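Undergrad: coords please:
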Amino acid sequence: MALRLFEEKEHVAAYMQYRVENPQEVINRMMDFMKPKVQQKFSLAVDVGCGNGKGTMLLAPFFDQVVATDVSPAQLEMAQANSLCSNITYRQCPAEELPFESSQVDLVTAMMAAHWFDRPRFLKEVDRVLKPSGCLALLGFPMDMELEYGTATSALNNICEEFYAALRPFTNPCQGSSLSKIYLDMFESCTYPDKEWNDCLRVTTMVTVNSFIGMVETATGYQKLKHLDATEAKRLSDDIRNKLMAAMQVSSADTELTMVIKYFYMFARKP
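TA: Below is the predicted model of the structure:
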């Protein structure tokens, strides 16, 4: 059964505010993978573990209907409140028990969510609901973003590593020592012969120092530390923020810099 996480309203709101949108480039690659074998218009996509729904909205232009699912009522409430697409609907259900008839779905995707699932059961359920030639697409990224800011880049990334190292003891065991390895194992266990794996797609986005700190604070490791010792969690965030600003030689935490996220993904087509 998928884990129940990201459900406290404060955490859900921070997730919406600070988590970056999934890159359009990956969505485009996903659709390019689907198109060579299936020429008709796509009817149904399912975004499993949709969270705040930012990634779901990127699917809307390519399908008649998109169904976003999650186990968290709070995440679904946030996703619905911010939805801009009339062809998206939302359903509360486990990833391993999708509310669809067999051979009904063109695309099943999970964006930064599949590591929380009961993965063997999820893959079996995906195989059940996918149409022949339907596709599975999974993507994620490790919470070890890099920062770039002129000559301060090297110093910034040493400070980032200090932040990540402090949070590793609090990381959920489901994330393992290597998140991409979990997805690679899923890729290798998928029996579909037509499949594709990409270990690292570097995507850059502009963020402020505060936004970077806020994004790391949404991670489960930070959230666990916060529950155990809120004072220590705040001290850690404040210390890292001050060190980043000092390395950049700026006085405002609203100063922008470049953040690099290293996405991995797998695509697989059902025979």
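
Undergrad: Scan the chain for its longest helix.
TA: helix 230-248 (DSSP state H).

Undergrad: Who are the packing partners of the helix or strand that that helix is followed by?
TA: Past helix 230-248, further along toward the C-terminus, the next helix or strand under DSSP states H and E is strand 256-269. Judged by 3 or more Cβ pairs under 8 Å, 6 or more residues apart in numbering; DSSP states H and E, the packing partners of strand 256-269 are helix 24-34, strand 130-140, strand 146-148, helix 179-189, strand 194-208, helix 209-217. For glycine as for every other residue, the C-beta is placed from the backbone atoms N, C-alpha and C.

Undergrad: Deepest in the core, which of the ones you listed is it.
TA: strand 130-140 (a mean of 22; mean count of other Cβ atoms under 10 Å).

Undergrad: And the longest helix of the chain, what's buried?
TA: For helix 230-248, the neighbour count (16 or more other Cβ atoms under 10 Å) marks 233, 236-237, 240-241, 243-244, 247-248 as buried.

Undergrad: Please tell me how far Val260 sits from Lys234.
TA: 26 Å (Cβ to Cβ, to the nearest Å).

Undergrad: need the helices and strands packed on strand 256-269 in TSV with mean pLDDT and distance to Ser83, can you?
TA: Formatted as TSV, these follow (pLDDT from 0 to 100; distance: least, Cβ to Cβ, whole Å):
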stretch	mean pLDDT	distance to Ser83
helix 24-34	92	17
strand 130-140	96	21
strand 146-148	98	31
helix 179-189	95	27
strand 194-208	95	22
helix 209-217	95	22
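
Undergrad: Sketch out the low-pLDDT regions of the protein for me.
TA: Residues of the chain meeting the criterion pLDDT under 70: 1-21, 36-41, 176.

Undergrad: And for Asp127, the neighbour number?
TA: 18 (other Cβ atoms under 10 Å).

Undergrad: of all the buried residues of helix 230-248, which comes closest to Ser154?
TA: Ala247 (9.1 Å; Cβ to Cβ).

Undergrad: is it true that the closest one touches Leu156?
TA: Yes: with contact defined as Cβ atoms under 8 Å, Ala247 and Leu156 form a contacting pair (5.6 Å).

Undergrad: what residues do the two have in common as contacts?
TA: Tyr149 (Cβ atoms under 8 Å, 6 or more residues apart in numbering).

Undergrad: Just give me the residue closest to the centre of the chain.
TA: With distances taken as Cα atoms, centre = their mean, Met112 lies nearest the centre of the chain, 2.6 Å away.

Undergrad: any idea how far that one lies from Asp229?
TA: Relative to Asp229, Met112 is positioned 26 Å away (Cβ to Cβ).

Undergrad: so what's the residue nearest to the centre of the chain closest to, chain neighbours aside?
TA: Gly140 (4.7 Å; Cβ to Cβ, 6 or more residues apart in numbering).
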